[in-house]
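**Q** After the sequence you'll find the predicted model.
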Amino acid sequence: MVRISLDSVNALFAAIAEREALYIPTDTAPGIAQFKKWQSGMEMTERLKTSRSAKDFFFPQTENLVDFKVSGKKIDIIDPREETEDFVIFGVRACDAKSFEILDRVFLSEPVDTYYQNRRAHGTIVTLACSRPSESCFCQTFGIDPAAPGGDVSAWKREGFLYLEPITEKGRTLLSGLSALLEECPEDAVEAEKESIRGILKKLPLASLTPDAFGGGKTEKYFDSEKWKSLSEACLGCGTCTFVCPTCQCYDIRDFDTGHGVRRFRCWDSCMYSDFTKMASGNPRLTQKERFRQRFMHKLVYYPENNDGIFGCVGCGRCVEKCPISMNIVKVMKTLGEDET
Amino acid sequence: MNAETLIPKVGVVTEVRIDTPDIKNFRVVGTDGKKLFVHKPGQCAMISLPGIGEGMFSITSSPTNTEYMEFEIKKCGCLTSWLHKIEAGQEITVRGPYGNGFPVDDAFVGRDLLIIAGGVGLAPVRSVINYCRHFRDRYGKIDIVYGSRTKEDLAFYEEILHEWMSPEEKDVHVHLTIDREEEGWNGHVGFVPNYVKELAFDTDKTVIMCGPPIMIKFTLAGLKELGFDEKQIYTTMELRMKCGVGKCGRCNIGSKYVCKDGPVFRMDELSELPDEY
């Protein structure tokens, strides 16, 4: 384990940014933090989470898939991608770091999504332990430990220092290039911090939430539940939950006429939208109830069924904070699961 | 499969045939004049006209056709309306093949086959029919029940008359039907589900079925009445798709993705999925 004084963190950022693009969570407006490309003088936010998740780095909101040059009846296909550059994301929380594993199981399974794979290969993730988990947090429900946040390098803030521990080969490479700025410290230097975090976790309002009532094989149990109707009644179908969600990965593919050709891009989509499944012949999900049910059944039943029991939620709490009608996965789990326990 | 699965290949439409008032048949090859890729009966491909959109269509030609692929497309939405406007020589984009296809080389081998289709639903099963006709000795008796609204709505009518119903065919029996009486039609009149019941097939057949949902529903009920088990019946599904490889989330039903786990399902597998199709 190594450490650096928090007063010198800017020098650390500068050293990283000299070699590759560096992104940190920074305050972009009052009460709002987002990941931004680091420039001299930019400070890391004190806020717990960024408004948007970190999934943008690997699965951006929009990306160009392919270009077409159309002339008369002829079509030329152009792969528009340029060489992906190495980058570092600094200050990723444990929940977002876990979301990458969940996205990996979708995009890196055969056939591999090479757009995602390229970014993933070039990105180094430095996580940051959550000194003060918030009321909307429930990552522990899904076995995530914000005291040991994972990533390629894990970091902790404690008493004026930033402590760093490499987890993967990528992480070791990153830190070895910065050794002039870092001082060695005992391996147990952050034990007290970990204990403090785990102490806070136990007192969180959602500490007792468990996913035990859910998982693969529960489709029959919940699909026809009467409760979906009341749960979904107020849903506006705005899709905010899916956009702030670090694990939502449904996407649309569309064409755009640039005036010089056709650009085919993909962009985030939402199963909460009415046209998501709409075909010329009709729509199998006619009301918001079916769309709402799909989102939660996917995270709590279908995804675990296909992925060794891993849930499609990391408990980041963004949907809890952002839903305009205050509906969220916590309420869904409590309402559907209440007969279970 | 193409390593860059979302980047299509250029295909050339070499022939467009008007098959019915709202169905056209498109022959497609690569820019080198050869077939774009090898597929299995029942598999699909993503076809697009850049700037208009991309859609999933079953490959109606049999893999035994080594020269070109065919798509049988009904005009019913935005993309299909544009496709209906194109002429021979037009380039399109194609990617695939996608999906599991019918088990023509295992579960179907040695079996008597009962193929039931309605309207443009003949498209995916035509690939099976012509595959099985090509390797005729591998399969038992082949019965085909095919119906549409009117005589002129019967897809592949010329091929049915001159090839499938040819006296030279070995043990292939075609049963055509149209919804209502019309002049010049001496064949059966009535809906497919009823016709299937009237024909009272032996229950030792493997059934392959594709058509509008209402036809599937009533035919399935009829087959069960005759004593068929869900495990003997295969069908192929259609849902909205974007990626074709189980990632974009659109065709998700329960823990399955129709584009990669389907589109072919055995009825007993389908019955286990939530009723959302």
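**A** Looks like it came in fine.
**Q** in the chain, what spans have low per-residue confidence?
**A** You didn't pick a chain, so chain A it is. A:339-341 (pLDDT under 70).
**Q** My question was about chain B, not that one.
**A** Ranges of chain B meeting pLDDT under 70: B:1-2.
**Q** all helices for it, in order.
**A** Secondary structure of chain B by DSSP state H: the helices cover B:78-83, B:122-134, B:157-159, B:192-199, B:213-226, B:258-261, B:267-272.
**Q** Those: which one's closest to A:Met333?
**A** A:Met333 sits nearest to helix B:267-272 of all the helices of chain B, at 24.2 Å, using CB to CB. Heads up, the C-betas are built off the backbone N, CA and C, glycines and all.
**Q** What backbone torsions are found at the closest residue to A:Met44 other than its chain neighbours?
**A** Spatial nearest neighbour of A:Met44, chain neighbours left out: A:Ile24 (5.2 Å); criterion: CB to CB, 6 or more residues apart in numbering or on different chains. Note on A:Ile24: its backbone torsions stand at phi -130, psi 160 [degrees, to the nearest 10].
**Q** count of residues packed around A:Ile24?
**A** Neighbours of A:Ile24 under the rule other CB atoms under 10 Å in any protein chain shown: 26.
**Q** which residues does it form a beta bridge with?
**A** A:Ile24 has the following beta-bridge partners by DSSP bridges: A:Lys36.
**Q** on that earlier part again, out of the helices of chain B, nearest to chain A?
**A** Each of the helices of chain B was scored for nearness to chain A using CB to the nearest CB, and the closest is helix B:78-83 (7.1 Å).
**Q** What about the residue of the stretch 51-200 of chain B found nearest chain A, how many residues nearby?
**A** Residue of the stretch 51-200 of chain B nearest chain A, by CB to the nearest CB: B:Gly77 (3.0 Å). Other residues within reach of B:Gly77, judged by other CB under 10 Å, total 15.
**Q** ok, the closest residue in space to it that isn't next to it in sequence - contacts?
**A** Nearest residue to B:Gly77, sequence neighbours excluded (CB to CB, 6+ apart): A:Ala280, at 3.0 Å. Neighbouring residues of A:Ala280 by CB atoms under 8 Å, 6 or more residues apart in numbering or on different chains: B:76-78, B:80.
**Q** Ramachandran angles for A:Ala280?
**A** Phi and psi for A:Ala280, reported as degrees, to the nearest 10, are phi -60, psi -30.
**Q** Write out the residues of the stretch 1-150 of chain B neighbouring chain A.
**A** Within the stretch 1-150 of chain B, the positions adjacent to chain A are B:1, B:3-10, B:48, B:50-54, B:76-78, B:80, B:89-93 by CB under 8 Å from any CB of the partner chain.
**Q** from the residues you listed, which would you call buried?
**A** Buried subset of the residues of the stretch 1-150 of chain B next to chain A (neighbour count, 16 or more other CB atoms under 10 Å in any protein chain shown): B:4-10, B:48, B:50-54, B:80, B:90-93.
**Q** Sort out which of those residues are in strands and list them.
**A** B:9-10, B:48, B:53-54, B:91-93 (DSSP state E).
**Q** Output those residues as a markdown table; include the columns distance to A:Gly239.
**A** Listed next are these as a markdown table, based on distance: CB to CB, whole Å:
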| residue | distance to A:Gly239 |
| --- | --- |
| B:Lys9 | 33 |
| B:Val10 | 35 |
| B:Ser48 | 25 |
| B:Gly53 | 21 |
| B:Glu54 | 22 |
| B:Glu91 | 36 |
| B:Ile92 | 32 |
| B:Thr93 | 29 |
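**Q** tell me which of those is nearest to A:Gly72?
**A** Among these, B:Glu91 lies closest to A:Gly72 (CB to CB), at 9.0 Å.
**Q** what residues are up against that closest one?
**A** B:Glu91 touches A:73-75, B:10-13, B:31, counting by CB under 8 Å, 6+ apart.
**Q** ok, of those residues, which one's closest to B:Ile178?
**A** Ranked by distance to B:Ile178 (CB to CB), those are led by B:Val13 at 29.7 Å.
**Q** Run through the bridge partners of the closest one.
**A** For B:Val13, the beta-bridge partners are B:Val28 (DSSP bridges).
**Q** Could you verify my assumption that it touches B:Phe26?
**A** Yes: at 5.3 Å, B:Val13 counts as touching B:Phe26 under the criterion of CB atoms under 8 Å.
**Q** so what sits against both of these two?
**A** Contacts common to B:Val13 and B:Phe26, judged by CB under 8 Å, 6+ apart, are B:Ile86.
**Q** Looking at those two, which one has more neighbours?
**A** Under the neighbour definition other CB under 10 Å, B:Val13 and B:Phe26 were set side by side, and B:Phe26 has more, 25 against 21.
**Q** Leaving out sequence neighbours, find the closest residue to the residue nearest the centre of chain B.
**A** Geometric centre of chain B, nearest residue: B:Pro124, 1.3 Å, by CA atoms, centre = their mean. Nearest non-adjacent residue to B:Pro124, counting by CB to CB, 6+ apart: B:Ser58, 3.8 Å away.
**Q** which ones are touching the one you found?
**A** Contact analysis of B:Ser58 by CB under 8 Å, 6+ apart lists B:42-44, B:71-72, B:123-124, B:127, B:236, B:263.
**Q** As a markdown table, those residues with distance to A:Pro133 would be great.
**A** Listed next are these as a markdown table, based on distance: CB to CB, whole Å:
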| residue | distance to A:Pro133 |
| --- | --- |
| B:Gly42 | 51 |
| B:Gln43 | 49 |
| B:Cys44 | 47 |
| B:Phe71 | 54 |
| B:Glu72 | 57 |
| B:Ala123 | 55 |
| B:Pro124 | 52 |
| B:Ser127 | 56 |
| B:Thr236 | 49 |
| B:Pro263 | 45 |
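**Q** for the residue of the stretch 51-200 of chain B closest to chain A, phi and psi?
**A** Torsion angles at B:Gly77 (phi, psi; degrees, to the nearest 10) stand at phi -150, psi -160.
**Q** Which residues are in contact with it?
**A** Neighbouring residues of B:Gly77 by CB under 8 Å, 6+ apart: A:279-280, B:55.
**Q** could I get those residues as a markdown table with distance to A:Ala94?
**A** Shown next, in a markdown table, are the contacts of B:Gly77 (distance: CB to CB, whole Å):
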| residue | distance to A:Ala94 |
| --- | --- |
| A:Met279 | 40 |
| A:Ala280 | 44 |
| B:Gly55 | 41 |
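**Q** on that earlier part again, output the helices of chain B in CSV; the columns should cover distance to B:Glu67.
**A** Shown next, in CSV, are those (distance: least, CB to CB, whole Å):
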stretch, distance to B:Glu67
helix B:78-83, 21
helix B:122-134, 13
helix B:157-159, 16
helix B:192-199, 32
helix B:213-226, 32
helix B:258-261, 27
helix B:267-272, 34
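**Q** now the strands: where do they sit in chain A?
**A** Per DSSP E, chain A carries strands over the ranges A:2-5, A:21-29, A:32-37, A:62-71, A:74-78, A:87-92, A:123-128, A:153-158, A:161-166, A:183-184, A:251-257, A:262-268.
**Q** Ok, the stretch 51-200 of chain B next?
**A** Ranges of strands within the stretch 51-200 of chain B are B:53-58, B:69-74, B:91-98, B:113-118, B:142-148, B:172-178, B:188-189, based on DSSP state E, counting those that start in this stretch.
**Q** quick one on the thing from earlier: in the contacts of A:Ala280, find the pair that's most separated.
**A** Across these (CB to CB), the longest gap, 9.4 Å, separates B:Cys76 and B:Cys78.
**Q** how much space is there between the residue nearest to the spatial centre of chain A and chain B?
**A** Central residue of chain A (CA atoms, centre = their mean): A:Pro246, 2.8 Å from the mean position. According to CB to the nearest CB, to the nearest Å, A:Pro246 and chain B sit 15 Å apart.
**Q** Could you do A:Gly312 as well?
**A** Using CB to the nearest CB, A:Gly312 is found at 11 Å from chain B.
**Q** and that residue, what does it touch?
**A** With CB under 8 Å, 6+ apart, A:Gly312 has these contacts: A:102, A:247, A:298-300, A:302-304.
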